[in-house]
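**Student:** Sequence and predicted structure, then a few things I'm wondering about:
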Amino acid sequence: MVEDATTLDRLLEKNLRENPDRIAVIDSRRRLTYKELNEEVEKMATALINMGVEKGDKLGIWMPNNVEWTVAWFAITAIGGVVIPMDTWYKPAEAEYILGHSDSVGVFINDRSGRADYIAMMNEVWPKLPALKHVIVNGEPGEGMLSFQEIVKSTDIDREAIDERRKQNDIEDVAFILYTSGTTGKPKGAMLTYHNITKNAKAMADILFAKKEDKLLVPVPFSHCFGNVLSITMASIAGMSIYAMSAFDPEEALKIIEMEKCTMINGVPTMFVRMLEVLDRKEYDTTSLRTGAMAGAPCPIDIMKGTIERMHCNVSIAYGLTEASPLITMTRFDDPIEKRVETVGKPIPDVEVKIVDDDRKPLPVGEMGELACRGYNVMKGYYKMPEATAETIDEEGWLYSGDLAVMDEEGYISIVGRKKDMVIVGGFNVYPRELEEFYIAHPKILDVAVVGVPDHDLGEVVAAAVIPAPGLEITPQEVVDYAYGKVASAKVPRFVMITDNLPISGRGKVQKFILRKQFQEKIEAGELNKLVPTAVRQKQKVKEAETLSDRMVSSGKVNADKKEKLEKFIAGLDDEQEAALEDIMETKRD
């Protein structure tokens, strides 16, 4: 292990000395030892210096989890640069704002990932970003862009220049700025220092007894603190290996655990839900698992117990927020089982926690209020937003989370809700005001209010209450389809209520706690159904049509040369007609 706080370049140097031949990072294409990782980092760091990147310059990383992400992470910080992590699901407008507001001089991107064409999106936003000089592409670069692979292949390491930069790195320097929206609806950049993140990562490593022999599966995005602080950085502190999943797939995750003999896994509850569902149908050997962390969303007790008993993973529950680097509390292995499944544990070492009322005065044990924390983990502030920083961190250094919590007489903390409106969909933060501002531009919508409602699989999903414009009609499906493809999928409403009015307080504000209750009552009564975007449903219908036509061909009822026409016919049926056709098939089979 290392001292409480250090810099990322020193972590890499430590592992180069102590674990040069140990595997550092793996993805589906390749794996690097700490020695090989350091070599690629030094080549990229040299290239960045040659490009004119100075200490304090900002560079984005807009890629899925992969080996190249970790190279960029360590290379940028090695020369005193500041990382701007970016979610892979960002659309051009979101990327433009974050790269622009952060004053980024460069960005690392994939050429493509799944359906996302990052080259095309960068070509759209680059002309609007005068400070952005360098676009480094993992894959085939576009015009005016640089190849990540060519840089690593052809750059001669200038160790003297790198060492000169490393000497200037200080633990109180900002390591990265992670953008997280707030009540204003505009993303705010939380500035986290090396002191913040390395000591925070060490706290988790200590609680989980992480060691160099461990291998950590990371299905959570590197663009989140859970990925870059509590996974990449924690692994570097322990000197262990990480396996980077580019996108979470439950069966693929189980295959990796079995094949790679992973001993740890970090994930949001939804990921564990999905893996347990797979284990209901298929057997995978997860006995190599030892522990890991579950965080990012409310965790159902049955999922926690299932993870421990069926996945053999003695997982710990962690709670935090980006502005706290991110870890605030965590359960321990020796906690009573009821505390491990019903609370988020106690504060980590050197972090204070208190529960306060609306006037920010401490509340007695057992009373619900806003959770606040103080310690080394509190962010430096929001980038270029001093007023927002002052609203969040008081003069005594207390950071106010916006989460409602209760602390018991033993110091265990339970999170019972959110003072702020943020909705957490499968670990992704969705900010209602941002979505409300998006919808208010729709010509058929007069007013809209967005809340989160409970969902067993995702923790929460978005629900939207819509007042149509005078004289116009809009259907719930139209509301869903309008958002799909324009905003990240986590933001697309799954429940929509068309209404004449919203519950309004005496101050003219929407009473969202009442609206949330209305949604839950209607959902429980069966008056509202979960909606799927038409485009997604159409893709599902094509798959269903293929399955049904295969059955009809294999039964001899339809000639194989008619299969394509049959699939098109079935895909054109509505749900009721398709169900009737399946009933006929079953009747004839009987």
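**Tutor:** Happy to help now that I have it. Residues are numbered from 1 along each chain as shown.
**Student:** residue ranges of the strands in the stretch 351-500 of the chain, please?
**Tutor:** 351-356, 369-375, 381-382, 399-407, 413-418, 423-425, 428-430, 445-455, 459-468, 495-498 (DSSP state E, counting those that start in this stretch).
**Student:** in the stretch 451-590 of the chain, which spans are helices?
**Tutor:** According to DSSP state H, counting those that start in this stretch, the stretch 451-590 of the chain carries its helices in the segments 476-483, 512-524, 534-554, 563-571, 575-589.
**Student:** Run the chain-centre distance for the first one.
**Tutor:** Taking the mean of its C-alpha atoms, helix 476-483 sits 24 Å from the chain's own mean (C-alpha atoms, centre = their mean, to the nearest Å).
**Student:** List the buried residues for it?
**Tutor:** By neighbour count on 16 or more other C-beta atoms under 10 Å, the buried set for helix 476-483 is 476, 478-483. Every C-beta, even on glycine, is put in place using the N, C-alpha and C of the backbone.
**Student:** thinking again about what came up before, the strands of the stretch 351-500 of the chain: which one's closest to residue 75?
**Tutor:** Between residue 75 and the strands of the stretch 351-500 of the chain, the tightest spacing by C-beta to C-beta is seen for strand 381-382, at 25.5 Å.
**Student:** Quick check: which ranges of the stretch 1-150 of the chain have low pLDDT?
**Tutor:** 1-3 (pLDDT under 70).
**Student:** Run the chain-centre distance for stretch 328-336.
**Tutor:** 23 Å.
**Student:** what comes up buried for it?
**Tutor:** 328-331, 335.
**Student:** Outline the domain layout of this structure.
**Tutor:** 8-247, 343-418, 423-524, 534-589 (automatic domain parsing).
**Student:** So which of the ones you listed has the densest surroundings on average?
**Tutor:** Most buried of the domains of the chain by mean neighbour count (mean count of other C-beta atoms under 10 Å) is domain 8-247; its value is a mean of 20.
**Student:** that's a strand at residue 191, yeah?
**Tutor:** Yes. According to DSSP: H, G, I helix; E, B strand; the rest coil, the state of residue 191 is that of a strand.
**Student:** for the residue nearest to residue 268 when sequence neighbours are not counted, what are its contacts?
**Tutor:** Nearest in space to residue 268, with sequence neighbours left out and distances taken as C-beta to C-beta, 6 or more residues apart in numbering, is residue 427 at 3.3 Å. Residues in contact with residue 427 (C-beta atoms under 8 Å, 6 or more residues apart in numbering) are 220, 224, 226, 268-271, 296-297, 459.
**Student:** Same question for residue 410.
**Tutor:** For residue 410, the contact set (C-beta under 8 Å, 6+ apart) comprises residue 339.
**Student:** hey, where'd the strands end up in the stretch 1-150 of the chain?
**Tutor:** Ranges of strands in the stretch 1-150 of the chain, per DSSP E, counting those that start in this stretch, are 23-26, 31-33, 58-62, 82-85, 104-110, 112-113, 116-117, 134-138, 146-147.
**Student:** Export the ones you listed as JSON lines, with columns for distance to residue 315.
**Tutor:** As requested, the strands of the stretch 1-150 of the chain are exported to JSON lines (distance: least, C-beta to C-beta, whole Å):
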{"stretch": "strand 23-26", "distance to residue 315": "21"}
{"stretch": "strand 31-33", "distance to residue 315": "25"}
{"stretch": "strand 58-62", "distance to residue 315": "28"}
{"stretch": "strand 82-85", "distance to residue 315": "24"}
{"stretch": "strand 104-110", "distance to residue 315": "30"}
{"stretch": "strand 112-113", "distance to residue 315": "28"}
{"stretch": "strand 116-117", "distance to residue 315": "31"}
{"stretch": "strand 134-138", "distance to residue 315": "32"}
{"stretch": "strand 146-147", "distance to residue 315": "40"}
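**Student:** Quick check: which of these is nearest to residue 323?
**Tutor:** Short answer: strand 82-85, nearest of those by C-beta to C-beta, at 14.5 Å.
**Student:** how far is the closest one from where the chain is centred?
**Tutor:** For strand 82-85, the separation from the chain centroid amounts to 15 Å (computed by C-alpha atoms, centre = their mean).
**Student:** for stretch 265-280, same thing?
**Tutor:** Distance of stretch 265-280 from its chain centroid, counting by C-alpha atoms, centre = their mean, is 15 Å.
**Student:** Then stretch 348-358?
**Tutor:** Here the centre of stretch 348-358 is set off from its chain's centre by 25 Å, with C-alpha atoms, centre = their mean.
**Student:** which residues touch it?
**Tutor:** With C-beta under 8 Å, 6+ apart as the test, stretch 348-358 has contacts from 199-200, 203-204, 206-207, 324, 327-330, 347, 362-363, 367-377, 398, 400, 405-407, 413.
**Student:** returning to that earlier point: could the strands of the stretch 351-500 of the chain go into JSON lines alongside mean pLDDT and distance to residue 393?
**Tutor:** Formatted as JSON lines, the strands of the stretch 351-500 of the chain follow (pLDDT from 0 to 100; distance: least, C-beta to C-beta, whole Å):
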{"stretch": "strand 351-356", "mean pLDDT": "98", "distance to residue 393": "13"}
{"stretch": "strand 369-375", "mean pLDDT": "96", "distance to residue 393": "9"}
{"stretch": "strand 381-382", "mean pLDDT": "98", "distance to residue 393": "7"}
{"stretch": "strand 399-407", "mean pLDDT": "93", "distance to residue 393": "5"}
{"stretch": "strand 413-418", "mean pLDDT": "81", "distance to residue 393": "19"}
{"stretch": "strand 423-425", "mean pLDDT": "90", "distance to residue 393": "22"}
{"stretch": "strand 428-430", "mean pLDDT": "83", "distance to residue 393": "19"}
{"stretch": "strand 445-455", "mean pLDDT": "92", "distance to residue 393": "26"}
{"stretch": "strand 459-468", "mean pLDDT": "95", "distance to residue 393": "27"}
{"stretch": "strand 495-498", "mean pLDDT": "97", "distance to residue 393": "35"}
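**Student:** hmm, back to that, now the domains of the chain in a markdown table, please, with extra columns for distance to residue 253.
**Tutor:** Output for the domains of the chain, formatted as a markdown table (distance: least, C-beta to C-beta, whole Å):
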| stretch | distance to residue 253 |
| --- | --- |
| domain 8-247 | 6 |
| domain 343-418 | 24 |
| domain 423-524 | 14 |
| domain 534-589 | 22 |
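**Student:** Quick check: which of the ones you listed is nearest to residue 281?
**Tutor:** Closest to residue 281 of those is domain 423-524 (C-beta to C-beta; 16.0 Å).
**Student:** And that closest one, how far out from the chain middle?
**Tutor:** 21 Å.
**Student:** measure it end to end?
**Tutor:** Using C-alpha to C-alpha, to the nearest Å, one end of domain 423-524 lies 20 Å from the other.
**Student:** Contact partners for residue 502?
**Tutor:** Here residue 502 is in contact with 447, 449, 465, 467, 510, 515 (criterion: C-beta under 8 Å, 6+ apart).
**Student:** low-confidence ranges in the stretch 151-300 of the chain?
**Tutor:** 181-185, 297-298.
**Student:** need the strands for it, in chain order.
**Tutor:** Using DSSP E, counting those that start in this stretch, the strands found in the stretch 151-300 of the chain span residues 174-181, 187-193, 215-218, 241-244, 264-267, 291-294.
**Student:** Many thanks, I have nothing further to ask.
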